[in-house]
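**Q** how would this look folded up:
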Amino acid sequence: MKLLVFTKREDCQIYMCLEELFPKRKIEFYIFKDLAPRELKTILNSHETNLVVIDYESYQESVEGLIKEIKALNSNAHVLIANGPENVELAIKLLKDGAYHYLTKDLDKECICKLIAEIGGAERDNKEIYQDTINRFVGKNISIQKIKSFLPTIAETHCNVLIVGETGTGKELLARIIHQLSPRRKGPFIILDCTTLQETIFESEVFGYEKGAFTGAVGSKKGLVELADGGTLFIDEIGELPLPLQKKFLRFIQEKTFMRVGGTKILKADVRIIAATNRDLEEEVRSGNFRSDLYFRLNTLILEIPPLRERPDDIPLLVEHFVKVKAHELNRDFKGFSKGFMESLLKYQWPGNVRELINIIERALILSPSGYLTEEVLPEGILKSHEKSMHSRELMDINEVVNLKEFERELVLQALKKYNWNQTRTAEHLGISRKQLINKMKKYGLIKEKDKSWLKG
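**A** So this is what the prediction gives:
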């Protein structure tokens, strides 16, 4: 872990102390008469560290603003104030502004060592928690990996996010992960399910109501928007929202202000919007079923989760993950599964996606007291799908095999041409590894003459 020290003095006591205590640790020492926001941003962005030490004597007139700027640029930063006067009120104020610790001129070396070790340990723990959170979205499919690679960047922003995918693909899980990785993670995560709210009570449930607003309103009540203040509002299946309600919600998204039903006071709510839908909202806009202005407010960042039938390679990973989760929940001793069990799952089309797979795993564990899962405990629909697949394969004649090979050859060739014979980009496009692509190129005689010598080894 690197340490950044900001000071105006070359003989800064804290720097010399840190060098003495941590001779093998990377310490970046910056001497600035004035730290402009642009310089500060450049420095923080170019250094992977969450520990910044500010020499109070150098920046006592601007230290409060400096702390706030650092925290705004990196919410995870630990800011230590060093060489401060023995002033309890000042120390409390700077800690409230976001400082992690306040050190006086009489430096306690043991205290500094403890602080650095504490921050280093917390940073390692946070990185592990951070990665574990991302890994809850299971999958090795290229589309899933791409989504996971974007998550840290998306989470750090306050932009609206639109998650698109069929029912059961994991849209709510993805929304929760974004929230848990974000600076709002300590705030609430509130769900607004557009499929369950009736139009007549939508406003009162979403924006709340005042006492006497309607018959039965014996007291005031906060709506979902108000409850989400400081956190994230997840709008599930926003495509189901009727047009009249879309207009009312658009106003809130634009202004982040609202009024309770029966109220006259304009209220504010600091919320991040993450919406999800299983519909093609662009088509809904064209057909007049969804407001274009609301769509353009929501689609700042779009994440599209592919259906499970398009990523069969992820099924073994998902089974392994959810078998462990469900076995623990059901207090079952999982001992493994048969070849036929996994083959049946791989051949099924999964119209209910990951949610359906989780239910099937739970059912299989309940019906397998021995802890060993076989195809016998699978529903008829899955078994019939497997049998049908096996029967179709047996009936395929040699002409169909030849046609399939010709189709695959043409598919690979067109992809190679599209990406100017760049093997890495072509493999990514086809959803296979580069080694698999090269094998297919050899198989179908697609190796260009100039590349043959390179591929011999």
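
**Q** When you work out contacts or count neighbours from here on, use the C-alpha atoms and nothing else.
**A** Noted.

**Q** Quick check: S344 vs F334, distance?
**A** From S344 across to F334, the span is 19 Å (Cα to Cα, to the nearest Å).

**Q** same deal with L73?
**A** Remark: distance between L73 and F334 (Cα to Cα) = 46 Å.

**Q** which one of the two has more residues nearby?
**A** F334 (18 against 14; other Cα atoms under 10 Å).

**Q** Quick check on that one: phi, psi?
**A** Its backbone dihedrals place F334 at phi -80, psi 130, with angles given as degrees, to the nearest 10.

**Q** same thing with I274?
**A** According to degrees, to the nearest 10, I274 has phi -120, psi 120.

**Q** Let me see the contact set for it.
**A** I274 makes contacts with N160, V161, L162, I163, A175, T232, L233, F234, I235, as judged by Cα atoms under 8 Å, 6 or more residues apart in numbering.

**Q** what about the first one, how many neighbours?
**A** Okay, so that is N160. The tally of other residues near N160 (other Cα under 10 Å) stands at 18.

**Q** same question, E89
**A** 9.

**Q** State whether it is indeed within a helix.
**A** Yes: judged by DSSP: H, G, I helix; E, B strand; the rest coil, E89 forms part of a helix.

**Q** Next, work out how far apart it and L103 are.
**A** Using Cα to Cα, we find E89 at a distance of 14 Å from L103.

**Q** Can you list the residue ranges for helices in the stretch 1-150 of the chain?
**A** Assigned by DSSP state H, counting those that start in this stretch, the stretch 1-150 of the chain shows helices spanning 13-21, 37-45, 56-59, 63-73, 88-97, 109-135, 142-156.

**Q** Which helix or which strand is home to the closest residue to L224 other than its chain neighbours?
**A** Among residues not flanking L224 along the chain, V206 sits closest, at 4.8 Å (Cα to Cα, 6 or more residues apart in numbering). Assigned by DSSP states H and E, V206 belongs to helix 202-207.

**Q** CA-only coordinates of that helix, as CSV, when you get a sec.
**A** Taking Å, rounded to 0.1, in the frame of the first residue of the first chain, the C-alpha atoms of helix 202-207 are listed here in CSV:
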residue,chain,number,x,y,z
PHE,A,202,-49.6,4.2,-6.9
GLU,A,203,-49.1,7.9,-5.9
SER,A,204,-49.8,7.3,-2.2
GLU,A,205,-47.5,4.2,-2.1
VAL,A,206,-44.6,5.8,-4.0
PHE,A,207,-44.8,9.4,-2.8
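
**Q** any idea where the strands of the protein begin and end?
**A** Ranges of strands in the chain, per DSSP state E, are 3-7, 27-31, 51-55, 78-84, 101-104, 161-164, 189-193, 232-236, 257-258, 267-268, 272-277, 301-304, 336-337, 372-373.

**Q** Just put the ones you listed in a markdown table and tack on distance to E210 and mean pLDDT.
**A** Shown next, in a markdown table, are those (distance: least, Cα to Cα, whole Å; pLDDT from 0 to 100):
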| stretch | distance to E210 | mean pLDDT |
| --- | --- | --- |
| strand 3-7 | 52 | 75 |
| strand 27-31 | 55 | 56 |
| strand 51-55 | 47 | 82 |
| strand 78-84 | 43 | 83 |
| strand 101-104 | 44 | 82 |
| strand 161-164 | 31 | 96 |
| strand 189-193 | 20 | 93 |
| strand 232-236 | 21 | 96 |
| strand 257-258 | 13 | 91 |
| strand 267-268 | 12 | 92 |
| strand 272-277 | 24 | 96 |
| strand 301-304 | 35 | 95 |
| strand 336-337 | 57 | 92 |
| strand 372-373 | 55 | 94 |
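
**Q** Could you give the number of residues near A276?
**A** By other Cα under 10 Å, 27 other residues sit near A276.

**Q** From S182, how far off is the nearest residue to it once chain neighbours are set aside?
**A** Distance criterion Cα to Cα, 6+ apart; nearest residue to A276, sequence neighbours excluded, is I163 at 4.6 Å. Noted for I163: a distance of 16 Å to S182, by Cα to Cα.

**Q** Same check on E166?
**A** In terms of Cα to Cα, E166 sits 25 Å off from S182.

**Q** Looking at these two, which is more packed in?
**A** Using other Cα under 10 Å, the more surrounded residue of E166 and S182 is S182, with 22 against 19.

**Q** Now do the contacts for the more buried one.
**A** Neighbouring residues of S182 by Cα under 8 Å, 6+ apart: A155, E156, T157.

**Q** Now do the same contact list for L281.
**A** G239, F290, Y295 are the contacts of L281 under Cα under 8 Å, 6+ apart.

**Q** run the last query once more with 7 Å
**A** G239, F290 (Cα atoms under 7 Å, 6 or more residues apart in numbering).

**Q** so how far is K140 from it?
**A** Separation of L281 from K140 (Cα to Cα) stands at 27 Å.

**Q** repeat for L233
**A** For L233, the distance to K140 - Cα to Cα - is 29 Å.
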